[in-house]
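**Q** The following comprises the amino acid sequence and a computationally predicted model.
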Amino acid sequence: MDMNLRSSLTQVLLIEDSSQVGHARRTVLQLADTLGLSEVDGGRAALVTTELASNLLKHATRGELHLRTFSSPALFGIEVVAVDRGPGFDVHHCLQDGVSTGGTQGIGLGAVSRQADVFDVHSDARGSVVLARFFPREQSIKDVRFGVSQHSLHDDPACGDVWSLAIRDGWISALVIDGLGHGADAEHAAREGEKAFARQPFTSPAFTLEEMHRAMRGTRGGAVAVAQFDGVNDSLRFVGIGNIGATLIGAEKPRGLASHPGIVGLQFRKAQAFDFPEVGGQLLIMYSDGLQSRWDLREYPGLEYRHPAVIAAVLHRDYCRGRDDMTVLVIVLENPHA
């Protein structure tokens, strides 16, 4: 597997009246057409989108659909995530054939799970998150175990947060940048750093950070974190400057990954990379300071075992500060070739 995924904002569709269900369906069909998906694959995505949007109204009275496209040659498709703050539901019961969460003649979550190439759900008293991903049936790679939720302040088309993910030969390299402030100047700073990362994502993280520092000179600068997982030797190397948060979640107590003070592109002392052995199967969660740091997945029984895209959506729903750009990137640390 050789893959490079670049930063893009999560497209949010508010669902609070029936007219928005049809709009959501048309939006997904348009995304499928733009990507060049077949009529059958686009139809599957549109059918599931209609069901999920309808269920938001029936089950929670209002909610959101979060849309994302993947356009890497190795990973090509559409992600639809339904997010609400409703009363929750019995997942096992609703996945049975013939059961629609609103008690109507909808196709039901059981059928949704069969239409989607990737399906997962988390529901509790805080609300529900349902994930569906759609890929061309002929695509050999059917999923990558990562999820991301990225939102700009006040829905500004410019976002000072940037993320990137590269996968190659058993390695995973992940980047999160938070350009100083927000808006176009913050985005420019972050994109300059992203370009430097993309040129050499698998060199030493400390060296990559120095390259980004040079690339971001003359911009506002920003906070940067790079995490590099070696799937063959089962180890993680992490380096960070500024207030990008990062946490490893495994069988024991969650471990915070320390960053150094400073601003990449302006000034910081030479950064030290930290090594973490035997991390295979653990979750790596990286996030900008638009997300509150007081979250704890242990307060959500079972959530750490759900798909990373579900985890990212739950964290955004419950811990977004609402006064800055926000990015949360969730990755399962596993050898892509295993």
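**A** Noted; the coordinates are in hand.
**Q** Strands of the stretch 201-338 of the chain, start to end?
**A** 222-230, 235-241, 245-249, 255-256, 274-277, 283-287, 326-332 (DSSP state E, counting those that start in this stretch).
**Q** State the helix or strand in which the residue most central in space within the chain lies.
**A** Centroid-nearest residue in the chain: Val148, 0.8 Å away (criterion: C-alpha atoms, centre = their mean). Secondary structure from DSSP states H and E places Val148 in strand 146-151.
**Q** returning to that earlier point: so which of the strands of the stretch 201-338 of the chain comes closest to Ala206?
**A** strand 235-241 (5.4 Å; C-beta to C-beta). From N, CA and C alone the C-beta is placed, and that goes for glycine too.
**Q** May I see the buried residues of the closest one?
**A** Using 16 or more other C-beta atoms under 10 Å as the test for burial, strand 235-241 gives Ser235, Leu236, Arg237, Phe238, Val239, Gly240, Ile241.
**Q** Show me what it is packed up against.
**A** helix 205-215, strand 222-230, strand 245-249, strand 274-277 (3 or more C-beta pairs under 8 Å, 6 or more residues apart in numbering; DSSP states H and E).
**Q** Please repeat the previous calculation with a cut-off of 10 Å.
**A** strand 171-179, helix 205-215, strand 222-230, strand 245-249, strand 274-277, strand 283-287 (3 or more C-beta pairs under 10 Å, 6 or more residues apart in numbering; DSSP states H and E).
**Q** Dump those into a markdown table; add mean pLDDT and distance to Leu303 as well.
**A** Formatted as a markdown table, these follow (pLDDT from 0 to 100; distance: least, C-beta to C-beta, whole Å):
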| stretch | mean pLDDT | distance to Leu303 |
| --- | --- | --- |
| strand 171-179 | 97 | 20 |
| helix 205-215 | 94 | 28 |
| strand 222-230 | 98 | 21 |
| strand 245-249 | 97 | 10 |
| strand 274-277 | 96 | 22 |
| strand 283-287 | 98 | 10 |
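**Q** mind giving me JSON lines with the strands of the stretch 201-338 of the chain and columns for distance to Gln20?
**A** JSON lines is the format used below for the strands of the stretch 201-338 of the chain (distance: least, C-beta to C-beta, whole Å):
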{"stretch": "strand 222-230", "distance to Gln20": "35"}
{"stretch": "strand 235-241", "distance to Gln20": "39"}
{"stretch": "strand 245-249", "distance to Gln20": "33"}
{"stretch": "strand 255-256", "distance to Gln20": "39"}
{"stretch": "strand 274-277", "distance to Gln20": "44"}
{"stretch": "strand 283-287", "distance to Gln20": "29"}
{"stretch": "strand 326-332", "distance to Gln20": "23"}
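**Q** quick one, which of the ones you listed is nearest to Cys159?
**A** Cys159 lies closest to strand 326-332 among the strands of the stretch 201-338 of the chain, at 8.2 Å (C-beta to C-beta).
**Q** Put the alpha carbons of that closest one into CSV.
**A** In CSV, the C-alpha atoms belonging to strand 326-332 read as follows (Å, rounded to 0.1, in the frame of the first residue of the first chain):
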residue,chain,number,x,y,z
MET,A,326,-10.5,22.3,15.0
THR,A,327,-8.9,19.1,13.8
VAL,A,328,-8.8,15.6,15.4
LEU,A,329,-7.0,12.8,13.6
VAL,A,330,-7.5,9.2,14.9
ILE,A,331,-5.3,6.3,13.7
VAL,A,332,-5.1,2.6,14.6
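**Q** partners of it, with directions?
**A** strand 146-151 (antiparallel), strand 283-287 (antiparallel) (DSSP bridges).
**Q** Also compute the angle for the last one relative to strand 235-241, please.
**A** Regarding strand 283-287 and strand 235-241, their directions subtend 10 degrees when assessed with axes from the mean of the first three to the mean of the last three C-alpha atoms, to 10 degrees.
**Q** how much does strand 283-287 deviate in direction from strand 171-179?
**A** For strand 283-287 and strand 171-179, the angle between their directions (the same axes, to 10 degrees) works out to 20 degrees.
**Q** And the helices in this protein?
**A** Secondary structure of the chain, counting by DSSP state H: helices at 19-35, 39-55, 91-94, 108-115, 184-199, 205-215, 308-319.
**Q** Where among these is average confidence lowest?
**A** Among the helices of the chain, helix 91-94 has the lowest mean pLDDT, at a mean of 66.
**Q** any chance of the helices and strands packed on strand 235-241 in TSV, with mean neighbour count too?
**A** Listed next are the helices and strands packed on strand 235-241 as TSV, based on neighbours: other C-beta atoms under 10 Å:
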stretch	mean neighbour count
strand 171-179	28
helix 205-215	19
strand 222-230	27
strand 245-249	20
strand 274-277	14
strand 283-287	24
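**Q** Glu51 is nearest to which of these?
**A** strand 283-287 (28.8 Å).
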